[in-house]
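Colleague: task: produce atomic coordinates for the following.
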Amino acid sequence: MPAEIVRSAPGERPASGPAKSRQPPAAARNANSGAHPDSGRGAGKSSESGRNSDAGGSAVTSPAEPRVRARTPARATRRDELLRAAARLFAERGFRGVGIEQIGAAVGIRGPGIYRHFPSKDAVLVELLVGISQHLLDAAREARRVGASALETLDLLVCGHVEFALDNPDLIVIHDRDLWSLPEPAEREVRRLQRAYVEQWVDVLRQVRPELDAPTARARTHALFGLINSTPHSATDLHRAEMAVMLHTMALGAARG
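Modeller: Take a look at the predicted model:
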């Protein structure tokens with residue numbers, strides 16, 4: 001995965017302007033655990049194709065960029081703890097069912113101390129969903145850089161996404177249910193990053209299967225994401241290592257078949 005904030009709780013000011021009044025699209029409300037942002041299933045469809053398809057247009061500045069600022073190890077650790085706690089709580093209760101004070105309390109922070117790490121609950125959701133989307137895209141680009149062949153690159157892409165899905169089932173749930181609640185600039189950024197991620201897969205699939213046109217390769221990619229991103233529902237009975245092998249084998253077979 002990899003991998004995408006919500007309206008504020010009563011009395012809480014959102015990080016990016018007033019709370020939105022828009023309702024989630026039907027596709028997002030009914031999404032399964034795939035990764036298609038334009039339909040609520042994760043990484044979105046795109047008319048882009050080719051290796052540099054994500055380079056066009058004016059990119060929205062990533063709301064996750066403040067994470068690159070230097071922080072002391074203790075501060076970074078506490079911030080990461082808050083993100084993990086927020087992901088768990090958002091997945092269990094929904095974004096609107098969690099207050100920022102509850103996130104702080106989950107890691108032992110009381111009162112206003114949490115605001116030293118995040119200005120609002122919206123900012124937490126932005127960092128979760130924009131951050132994982134950027135991570136997946138970076139990992140895909142690295143796989144393409146180091147892969148010695150198209151088949152090896154495809155294997156690396158599958159391995160990377162399986163690891164994401166097994167490590168972050170909470171983020172898959174949050175993306176499917178709460179992507180529409182992100183502040184609009186952050187939502188656009190998630191969709192941009194995920195479209196670019198899809199196109200990395202499309203290019204590699206078409207190298208492995210030259211007979212595929214771009215729309216077919218893109219549809220196949222989304223289907224593969226749906227299979228791998230089933231972990232919130234499927235990774236419950238097997239040990240992690242067994243699940244990883246099964247998902248990798250099934251996804252690689254579907255990609256090459």
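
Colleague: show me where the stretch 101-250 of the chain has helices.
Modeller: 121-146, 150-167, 169-178, 184-208, 214-228, 231-234, 240-256 (DSSP state H, counting those that start in this stretch).

Colleague: who's in contact with the nearest residue to Q102 once chain neighbours are set aside?
Modeller: Nearest residue to Q102, sequence neighbours excluded (C-beta to C-beta, 6 or more residues apart in numbering): L89, at 6.4 Å. Where you see a C-beta, it was placed from the backbone N, CA and C, and this is true even at glycine. Neighbour list for L89: 98, 102-103, 106 [criterion: C-beta atoms under 8 Å, 6 or more residues apart in numbering].

Colleague: quick one: neighbours of G253, just the number.
Modeller: 10 (other C-beta atoms under 10 Å).

Colleague: which secondary element of the protein has the worst mean pLDDT?
Modeller: helix 26-29 (a mean of 36; mean pLDDT, DSSP states H and E).

Colleague: any idea of the mean pLDDT for the next helix or strand along the chain from that one?
Modeller: Following helix 26-29 in sequence order, the next helix or strand is helix 73-93 (DSSP states H and E). Averaging pLDDT along helix 73-93 gives 88.

Colleague: roughly how far does R78 sit from L224?
Modeller: 36 Å (C-beta to C-beta, to the nearest Å).

Colleague: sorry, that was for A123
Modeller: The gap separating A123 from L224 is 32 Å, by C-beta to C-beta.

Colleague: A87 touches I174, doesn't it?
Modeller: Yes - the pair A87 / I174 is scored as a contact, 6.6 Å apart, by C-beta atoms under 8 Å.

Colleague: more neighbours: which of those two?
Modeller: It is I174, of A87 and I174, that has more neighbours when counted by other C-beta under 10 Å, with 28 against 22.

Colleague: mind checking how far that one is from N168?
Modeller: 9 Å.

Colleague: mutual contacts of those two, please.
Modeller: A87.

Colleague: let's have the helices of the stretch 101-250 of the chain in TSV, adding distance to G113 and mean pLDDT.
Modeller: Shown next, in TSV, are these (distance: least, C-beta to C-beta, whole Å; pLDDT from 0 to 100):
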stretch	distance to G113	mean pLDDT
helix 121-146	14	97
helix 150-167	28	97
helix 169-178	23	96
helix 184-208	24	97
helix 214-228	37	97
helix 231-234	31	94
helix 240-256	34	95
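
Colleague: out of the ones you listed, which comes closest to I114?
Modeller: helix 121-146 (9.1 Å; C-beta to C-beta).
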